[in-house]
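Asker: Return a 3D structure for these sequence lines:
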Amino acid sequence: MQPSAEMLHTLSNCFLQTLAPNPEPRKLAESYLKQAAEQDGYGLAVLRLLSEPTVDDQVRQAASVNFKNHVKYRWEPPADSGLSSINDAEKEQIKALVVSMMLSTPPKIQSQLSEALAMISKHDFPKKWGSLLPELVTSLRNAGSDYSIINGVLQTVNSIFKQFRYLYKSAELYKDLKYCLDEFASPLLDIFVRTSQLIGSHAQSANVLKPLFECQRLCCRIFYSLNYQELPEFFEDNMKQWMSLFHDYLVYENPLLKENNDDKESVLDQVKAAVCENINLYMEKNEEEFKDFLPGFAADIWGLLMKVSLSTSHDRLATTAIKFLTTVSKSVHHSLFNQPDALKQICESIVIPNVELRDDDEELFEMNQLEYIRRDMEGSDFDTRRRVACELVKGLSTYYSQEVNTMFSTYIRGMMERYAANPVQNWKAKDCALFLVTALAPKQTPGSAIGSSLVDIEQFFATAILPELQCENVNSQPVLKADAIKFVTTFRAQLPKQVALTLMPHLARFLLSESNVVHSYSALCFEKLLIIRDGKQLRFSDQDLNLFVSVVLNNLFSALKLPESQENVYVMKCIMRVLSIADVRTYAADCLDQLVAILSFLYKNPSNPTFSHYLFEAIAALVRRSCEKNPELVGVFEAKLLPVFQDILALDVIEFAPYVFQIMAQLIDTHNPPLPATYINFFPPLLTPVLWQRSANVPALVRLLQSYLQRASNEIIQAKQLEPVLGVFEKLINSKNTDHHGFFILNTVVEYLDYQPISGYITRIWNLLFIRLQAHRTGKFIKSLIVFMSLFCVKYGHQALVESVQSVQQGLFVTIIQTFWVPHLLSITGDLEMKLCAVASTKLLCESPVLQSDATIPVWGKLLNSVITLLVRPEEERVEEEVDAPDLDEMVGYTAVYAQLHNAGKKEDDPVKEIHDPKEFLVSSLSKLSSCFPGKFSALIQQSVEPANKAGLAQFCSMYKSAIV
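Answerer: Got it, this is the predicted structure:
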């Protein structure tokens, strides 16, 4: 169906209104577009609109972004997303038009359409879109010298082929890769060679050269994708031609291509960097085939690095080139560096200049603190000059460890001497020394101590680090202060406990530093110190922190008031950690006031999901450490938290709702029945269907519902709210993504309610469970069912379990035991779950007549064998990896994603706590049973139980002095 002119006009006006500064027309337009997207033909209409040259460019640009997002979310929407899919006929029309439209639109729109095309290809290419690659190849060959079309095609192909860099090896992958190679490898080389010839004949025209070099950059990226998995035959056969051209570009120079802006990377440098990545790929994966070209490229890269400036515009080129040398240094061809003065020249001319702090780094430290910290402290700086230069040193140390260590020890000593001679003038020398010591430290495993082969850590700490930390002026030379704190963080496990304790007051002082980096590093260091473990015990206890916890908390909250630190993740995480460990009951009310004030400001415009998460973790930690130990504080906490929580829910702040539900559950857990009326009145709205439609709410609502069932079961029954609760269970049990949450509700009902209130619903419950078991069983569902049936058995008795299941269908109980319980019992995990299922199985074996009849006695033997396996074999031997577990959402951006609060976790009760050892319970029960039927069950054990399990059972009998006769 072709979109009408009226529809296109309406869409055009809507897209124009989405750009309006006034929020009211903008929201109306967005609402209309959201509704329109549900209608068939919407995507095709938007595609038609953005291809109209008479439409305003701003509208076309907005439409192109909308089309890309429409494709992203509706081409193949997840089953539980609630979004309608684009119908198949419309998909075919879009695929027929999108390539030609993409190639005929202006660059900004072309870019959006190219991304949309790549998204479609993820689902349909090549199986459902066999015409795509031939159409692109035809467009490439028919483009002549029109590099706007050529580069548009290459940009699209590059986006499509990127998948080959990330997918796991499989027969399907290689089939798709071969298809792409057959179609595109030869045209790719043709355009690369032809464009190289054009570059040679247009060396004096920058306007002509730039699109030509952009073409070569895209060709290099496509080369990388097609060669990533393994060396294709076509590329091996034509390697000499490719490598010859790669060499030409590494040594090519043309001042016309230089950018006027020193911060902007030139297209020539982009091509050189892409070449470096390609030859590095060959060095890593095709070393044997590449070895003849290696000496020439090593010389090219070496010469290139000698000329590359320290400007940020050359950063990517420098890092990719250094990475190549690093790969070579760790390979069998490392002897290339075993030349007179070669190591010294690399270290002094390449490593040291790239490690030294640049003016741009200083500016980053002062103006973009988050990015500086991300690069410097969090280990995400692998592509910075400093980091890759240090990786080169580590690579050289693979075969030349002694020589490299000796050289860098000398360099570091020299840097420290230059600093000592003039601390004010030469502070960057000390920064470089400290960076090298920390960056070249061996990789630390959690809880382990690390050292350094470059310096004596204790001596270096005393002479270079401690003076910085003891400096009274927390604002002087902030880069060196940050370096010193980073050193403590890096070598924290090696510092003696008493030394670390003496540093904590100093770290607390630096929380007030005006430098965002310094007080962030201080918070991060403090938090890392608090989680060090010696064995299973935390190194620092609440008593260790007593002397300065008040100052630390005060300074942490003060740090959040400093400029650019109002939502400082490192500070809030440190607050959370201190509240989790220290005894803060004395300061609880004041801390809560400050946290509530932050939350009251934050919920009006949530913008930083990680900060918000640690804020709620801090509140949960305060509840756990204060209210659970000091019940009289509960009322204080509720008076301050509940009004804010009510505002959050009333305003429908969907990002915060899951956190609110979890902390409310935590507060309910601190009460003994009966619950205050505030909570009882809040219960009915919890069962509102709209709340449960949001997947992010479900785990938190289930957690809250469990707390209500545990603390207010009588009130729920009296208010006739049990049926709506079971209605929630019914909704959750029907989806494999939420069925385990349904079981959590059901288990809590059984654990905390008597049988009489649920007896009228039990047949319906079994029907729901067994229908789901028959229609769509998964390993997770079956295990959850076994745990539930086990809990039902130990709580209400084996007779109630058998009779209620048999009421659904006569003989069903034995069928369930034989078909599901016996084979899946050994997949049960978790100490409490294993104990519960073992005890319930033992009760069924030794107390239930239904499994002891002549007809069911073989089932009895199989069940006993499974129980012994559960108790004898370690979990890792019994349990296969889950293949049907639901995917976990990543916390990216600010979407309403469930994030569990560690400090608000539910404390699991042992439903069979009267039984201390399930092994002893098994053999004592078997002993009693066998004494009533001498010879019957001992003979059955010999027939039914595996040899290894017989030995295990005999060991249990000996251990607990029980006999099976």
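Asker: after the strand or helix carrying residue 791 comes which helix or strand?
Answerer: Mapping residue 791 onto the secondary structure by DSSP states H and E places it in helix 779-796. Following helix 779-796 in sequence order, the next helix or strand is helix 798-806 (DSSP H and E).
Asker: Dump that next one to CSV, keeping only the CA atoms.
Answerer: Output of helix 798-806 as CSV, limited to C-alpha atoms (Å, rounded to 0.1, in the frame of the first residue of the first chain):
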residue,chain,number,x,y,z
HIS,A,798,3.2,-36.5,52.1
GLN,A,799,-0.4,-37.6,52.2
ALA,A,800,-1.7,-34.1,51.4
LEU,A,801,0.8,-33.9,48.5
VAL,A,802,-0.2,-37.3,47.1
GLU,A,803,-4.0,-36.8,47.5
SER,A,804,-4.1,-33.3,46.1
VAL,A,805,-2.1,-34.4,42.9
GLN,A,806,-4.2,-37.5,42.5
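Asker: mind listing what's buried in the following helix or strand past that helix?
Answerer: Using DSSP H and E, the helix or strand that follows helix 798-806 towards the C-terminus is helix 812-816. Of the residues in helix 812-816, 813, 814, 816 count as buried by neighbour count, 16 or more other Cβ atoms under 10 Å. The way it works is simple: take the backbone N, C-alpha and C, and place the C-beta from them, glycine included.
Asker: And helix 812-816, how far out from the chain middle?
Answerer: Chain-centre distance of helix 812-816: 42 Å, with Cα atoms, centre = their mean, to the nearest Å.
Asker: ok, which stretches of the stretch 451-600 of the chain are helices?
Answerer: Secondary structure of the stretch 451-600 of the chain (DSSP state H, counting those that start in this stretch): helices located at 457-460, 466-470, 478-490, 497-510, 516-530, 542-545, 549-559, 569-581, 588-602.
Asker: The second one packs against which elements?
Answerer: In this structure, helix 466-470 makes packing contacts with helix 478-490, helix 497-510, judged by 3 or more Cβ pairs under 8 Å, 6 or more residues apart in numbering; DSSP states H and E.
Asker: Residue 914 and residue 851, how far apart?
Answerer: If you measure residue 914 against residue 851 using Cβ to Cβ, to the nearest Å, the figure is 23 Å.
Asker: and these two? which has more neighbours close in?
Answerer: residue 851 (24 against 9; other Cβ atoms under 10 Å).
Asker: list the buried ones in the helix holding residue 791?
Answerer: Residues of helix 779-796 classed as buried by neighbour count (16+ other Cβ under 10 Å): 780-796.
Asker: and the angle for it with helix 798-806?
Answerer: Per axes from the mean of the first three to the mean of the last three Cα atoms, to 10 degrees, the angle that helix 779-796 makes with helix 798-806 is 130 degrees.
Asker: Run through who's touching helix 779-796.
Answerer: For helix 779-796, the external contacting residues (Cβ atoms under 8 Å, 6 or more residues apart in numbering) are 736, 739-740, 743, 746-747, 750-751, 755, 769, 772-773, 800-801, 804, 816, 820-821, 824-825, 827-829, 833, 836-837, 839-841, 843-844, 882-885, 911-912.
Asker: For residue 44, which of the helices of the stretch 451-600 of the chain is the nearest?
Answerer: Shortest distance between residue 44 and the helices of the stretch 451-600 of the chain, using Cβ to Cβ, is found for helix 588-602: 42.0 Å.
Asker: which residues are contacting that closest one?
Answerer: By Cβ under 8 Å, 6+ apart, the list of residues contacting helix 588-602 reads 553, 557, 560, 567, 575, 579, 584, 611-612, 615, 618-619, 622, 625-626, 630, 633, 636-637, 640-641, 644, 647.
Asker: at 6 Å what do you get?
Answerer: The contact list for helix 588-602, computed with Cβ atoms under 6 Å, 6 or more residues apart in numbering, reads 557, 618, 619, 622, 626, 633, 636, 640, 644.
Asker: Who are the contact partners of the fourth one?
Answerer: Applying Cβ under 6 Å, 6+ apart to residue 622 gives the contacts 579, 591, 592.
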